[in-house]
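Q: Structure for the following, please:
(one chain, ligands or ions: 1)
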Amino acid sequence: MWIDTHCHLDAPEFDADRDAVRQQARHAGVGLCVLPAVQRAHWAGVQALAAQHGDAYALGIHPLYVPQAQDDDLQALDAALSEARDDPRLVAVGEIGLDFFVPALCTPDLRERQWHFYVAQLKLARKHGLPVILHVRRSADALLKGLRQIPVSGGIAHAFNGSAQQAQTFIDLGFALGFGGAMTFERATALRALAQSLPLQSLVLETDAPDIPPQWIYRTAEARASGLAQGRNTPAELPRLAQVLAELRGLDVQALAQATSGNARRVLPGLERLT
Ligand SMILES: [Zn+2]
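A: Okay, here's the model as predicted:
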């Protein structure tokens with residue numbers, strides 16, 4: 001059985017056929033999805049979706065949603081985590097982190113505000129005894145600095161895209177690294193080298209659907225201009241992503257399923273209750 005450790009099933013891209021999308025993934029062998037929330041308005045939605053489909057969820061405020069977030073969202077998150085204490089489907093605080101790629105988020109004020117929300121949510125993860133799901137974009141060193149100041153019980157560095165040394169530091173702090181669509185592009189040589197060389201016990205698989213479409217779905221701007229629609233990434237792509245990783249590592253795909261699912265349960269221990 002496959003575990004998609006990062007899927008935004010609550011995204012508007014799935015409004016028309018959300019149940020069918022989840023069903024299709026199940027038929028493809030994806031037994032469990034982790035649904036990270038991106039903002040306060042989505043917390044109840046991911047909780048309901050996880051309950052409906054037998055999946056897991058995380059609650060948090062994503063760095064891309066920090067500009068709209070209110071200070072009292074952090075108190076609300078604290079309360080929501082307390083309320084969900086006995087909900088076996090709550091497995092992490094997430095998606096949290098820092099994005100230093102999107103130019104609009106890189107003004108001094110917004111860098112500061114992202115840091116404020118990141119650190120505050122690390123403290124909540126500690127308080128509630130939960131791992132975290134991290135958004136890493138040009139921000140690995142800053143994220144690691146936060147983790148050294150406020151150690152948490154590990155989690156996942158999702159869509160990992162840093163250096164081998166940064167990867168090792170996350171691993172030393174109890175994290176697994178999430179691999180998905182980005183590694184399917186041949187030009188992603190550094191990322192593919194990491195996917196090949198990192199210890200197998202540090203890898204988890206994720207689609208990040210509907211974001212980060214794999215190479216076989218992605219349409220270039222040119223192709224789109226000529227009338228081809230951008231394909232939609234869904235959790236049903238997970239086994240094919242796994243096939244790419246298995247080939248990169250010269251591994252049997254069943255062995256990879258077993259290893260990556262075991263890794264997911266180790267870094268998000270709440271998943272044990274669901275599988
Ligand atoms: Zn995400």
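
Q: mean confidence score for the strand of greatest length in the chain?
A: In the chain, assigned by DSSP state E, the strand with the most residues is strand 90-99. Strand 90-99 carries an average pLDDT of 98.

Q: Next, the buried residues of it.
A: Buried residues in strand 90-99, defined by neighbour count with 16 or more other Cβ atoms under 10 Å: 90-99. No exception for glycine: its C-beta is placed from N, CA and C like everyone else's.

Q: what do you get for stretch 187-196?
A: Quick answer for stretch 187-196 (16+ other Cβ under 10 Å): 188, 191-192, 194-195.

Q: need the buried residues of strand 90-99 in TSV with distance to residue 230, can you?
A: Formatted as TSV, the buried residues of strand 90-99 follow (distance: Cβ to Cβ, whole Å):
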residue	distance to residue 230
90	33
91	31
92	29
93	31
94	26
95	22
96	28
97	25
98	27
99	22
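
Q: so which of those residues would you say is closest to residue 125?
A: Closest approach between the buried residues of strand 90-99 and residue 125, by Cβ to Cβ: residue 93, at 4.1 Å.

Q: what separates the closest one from residue 148, distance-wise?
A: To residue 148, residue 93 is 18 Å away according to Cβ to Cβ, to the nearest Å.

Q: re the thing from before, following the chain onward from the longest strand of the chain, which element is next?
A: helix 108-128 (DSSP states H and E).

Q: Contacts for that following helix next, please.
A: Helix 108-128 is contacted from outside by 60-61, 63, 66-67, 69, 74, 77-78, 81-82, 85, 92-93, 96-100, 104-105, 131-132, 142-143, 146-147, 149-153, 155, using Cβ atoms under 8 Å, 6 or more residues apart in numbering.

Q: Tell me which residues of the helix or strand encompassing residue 239 come out buried.
A: Under the criterion of DSSP H and E, residue 239 resides in helix 238-249. In terms of neighbour count (16+ other Cβ under 10 Å), helix 238-249 has its buried residues at 238-239, 241-242, 244-246, 248-249.

Q: ranges for the strands of the stretch 151-275 of the chain?
A: Residue ranges of the strands in the stretch 151-275 of the chain, as given by DSSP state E, counting those that start in this stretch, are 155-158, 175-179, 203-205.

Q: Name the residues of stretch 128-146 that come out as buried.
A: 128, 130-137, 139-140, 142-144, 146.

Q: typo on my end, it should be stretch 96-115
A: Those would be 96-100, 105, 110-111, 113-115, for stretch 96-115 by 16+ other Cβ under 10 Å.

Q: next one: stretch 251-268
A: Buried, per 16+ other Cβ under 10 Å, within stretch 251-268: 256-257, 259-261, 263-268.

Q: which residues are contacting the helix or strand of the chain with the lowest mean pLDDT?
A: Lowest by mean pLDDT, DSSP states H and E among the helices and strands of the chain is helix 221-225, with a mean of 84. Contacts with helix 221-225, where a contact means Cβ under 8 Å, 6+ apart, come from residue 230.

Q: Now do it: distance to the chain's middle.
A: 28 Å (Cα atoms, centre = their mean, to the nearest Å).

Q: of all the buried residues of stretch 128-146, which comes closest to residue 21?
A: For those, the nearest to residue 21 is residue 133 (20.5 Å; Cβ to Cβ).
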